[in-house]
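K.L.:
What follows is a predicted structure for the sequence shown.
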Amino acid sequence: MTNGNERVWSIVLAAGDGRRLAALTTDAQGNAVPKQFCSFAGMHAGNVIVQPRNCGTANGILLALLGILNRDPLAHVVFLPADHYVQDEATMATGLEQMVEHLQRHSGHLVLLGIKPDEADPELGYILPGAGLAPGLHAVTRFVEKPTAERAHSLLREGALWNSFIFAVQGATLLGLIRERLPDIVDAMETALARDAVQREGRALQALYEQLPDVDFSRVIVQGAEERLRVVGTEPCGWTDLGTPKRVIETLRRGRPAPAPWRRSIHMPPALVTLASQRALLQMVS
């Protein structure tokens with residue numbers, strides 16, 4: 001996607017070990033399969049940036065970001081978690097377009113996509129919007145992570161949005177924000193990638209990851225930087241986080257997702273684990 005000299009890149013975040021979903025993500029031989037290699041009805045093959053090990057979302061985002069900035073220093077980047085399900089894709093697509101449009105007008109900010117809740121779910125995170133800055137665009141007052149049921153109902157009355165962890169940001173802006181909080185890690189990762197680009201063996205990055213601490217992006221990078229954040233709210237679209245067996249079951253009970261039409265004409269490899277076929281396990285955890 002291009003806009004003048006600026007290109008919009010997308011990163012699908014597929015890090016994490018998926019421990020909460022492990023009861024459903026084993027193959028026919030009983031081997032544990034990371035949740036990013038599971039789907040309801042098939043899996044798209046694409047480019048993958050592989051971390052030597054999981055060191056938290058902040059390190060994963062930084063590694064992917066540096067890879068894109070190396071190709072396109074002016075990049076705008078949209079981050080999309082892999083373990084989400086959206087029933088109404090058209091509504092979600094509209095929200096994504098609005099998020100990118102606002103980013104291109106407010107390039108010094110990180111723009112979050114909030115989902116207007118259709119229920120008070122205490123297992124999700126919430127964003128409390130602040131002052132309106134443009135049609136559909138708001139400042140961010142604060143985050144509330146997994147509130148009590150009573151507090152979740154109160155947040156809905158206050159106009160809070162579900163935190164989808166989908167966001168768009170100019171690459172250089174995000175790198176600067178991460179550098180403010182984790183200067184040593186940014187410097188070390190840039191150095192390791194530069195060495196590996198010359199040696200082409202990947203040993204420098206491997207060695208770095210052996211000593212990196214786990215760093216959570218939301219807690220360490222985003223929280224406390226609310227003045228540099230913006231949020232766009234999208235209408236309810238059947239969005240859910242598939243991080244637990246309970247959420248997978250609830251999603252499947254609403255109606256098994258149909259295969260996408262384009263799969264009829266394009267050969268797609270099957271997912272390593274198709275969650276909808278795990279009948280016995282679904283009955284065990286329901």
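P.N.:
Yes, it's here.
K.L.:
Check the gap between Pro81 and Arg71 for me.
P.N.:
As judged by C-beta to C-beta, to the nearest Å, Pro81 and Arg71 stand 22 Å apart. Every C-beta, even on glycine, is put in place using the N, C-alpha and C of the backbone.
K.L.:
who's more crowded, those two?
P.N.:
A count of neighbours by other C-beta atoms under 10 Å puts Pro81 above the other of Pro81 and Arg71, at 19 against 9.
K.L.:
Now the phi/psi pair for the more buried one, please.
P.N.:
phi -60, psi 150 (degrees, to the nearest 10).
K.L.:
now it: how far from Arg203?
P.N.:
For Pro81 relative to Arg203 (C-beta to C-beta), the value is 30 Å.
K.L.:
Leu175 too?
P.N.:
On the measure of C-beta to C-beta, Leu175 and Arg203 end up 24 Å apart.
K.L.:
Settle it for me: which of these two has more neighbours?
P.N.:
Leu175 (17 against 12).
K.L.:
can you give me the strands for the protein?
P.N.:
2-3, 6-13, 38-39, 76-81, 84-85, 110-115, 125-134, 137-145, 161-170, 229-234, 240-241, 273-274 (DSSP state E).
K.L.:
Of all those, which one comes closest to Thr91?
P.N.:
Checking these against Thr91 by C-beta to C-beta gives strand 229-234 as the closest, at 6.3 Å.
K.L.:
Mind listing residues that contact the closest one?
P.N.:
Strand 229-234 is contacted from outside by 91-92, 94-95, 98-99, 102, 106, 109-116, 127, 129, 133, 136-140, 161, 222, using C-beta atoms under 8 Å, 6 or more residues apart in numbering.
K.L.:
buried subset of those?
P.N.:
91-92, 95, 98-99, 102, 106, 109-116, 127, 129, 137-138, 140, 161, 222 (16 or more other C-beta atoms under 10 Å).
K.L.:
Looks like Tyr209 contacts Val50 (just checking).
P.N.:
No. The criterion here is C-beta atoms under 8 Å, and Tyr209 misses it with Val50 at 10.5 Å.
K.L.:
Please identify which of these two sits among more neighbours.
P.N.:
Tyr209 (17 against 10).
K.L.:
Give me the average confidence score over stretch 246-261.
P.N.:
Mean per-residue pLDDT for stretch 246-261: 64.
K.L.:
and what of stretch 204-211?
P.N.:
Rounded mean pLDDT across stretch 204-211 is 96.
K.L.:
Just the buried positions in it, please.
P.N.:
204-205, 208-209.
K.L.:
Same check on stretch 135-154?
P.N.:
In stretch 135-154, counting by 16+ other C-beta under 10 Å, buried: 137-138, 140-141, 143-144, 147, 152.
K.L.:
Just put these in JSON lines and tack on distance to Ala197 and pLDDT.
P.N.:
Formatted as JSON lines, those follow (distance: C-beta to C-beta, whole Å; pLDDT from 0 to 100):
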{"residue": "Leu137", "distance to Ala197": "38", "pLDDT": "95"}
{"residue": "His138", "distance to Ala197": "41", "pLDDT": "96"}
{"residue": "Val140", "distance to Ala197": "36", "pLDDT": "96"}
{"residue": "Thr141", "distance to Ala197": "42", "pLDDT": "95"}
{"residue": "Phe143", "distance to Ala197": "37", "pLDDT": "94"}
{"residue": "Val144", "distance to Ala197": "42", "pLDDT": "93"}
{"residue": "Pro147", "distance to Ala197": "45", "pLDDT": "94"}
{"residue": "Ala152", "distance to Ala197": "47", "pLDDT": "96"}
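K.L.:
most remote residue from the chain's center?
P.N.:
Gln199 (31.3 Å; C-alpha atoms, centre = their mean).
K.L.:
quick one: contacts for the residue sitting nearest the centre point of the chain?
P.N.:
For the chain, the residue nearest the mean C-alpha position is Pro81 (2.5 Å; C-alpha atoms, centre = their mean). By C-beta under 8 Å, 6+ apart, the contact list for Pro81 reads 12-13, 164-166, 241.
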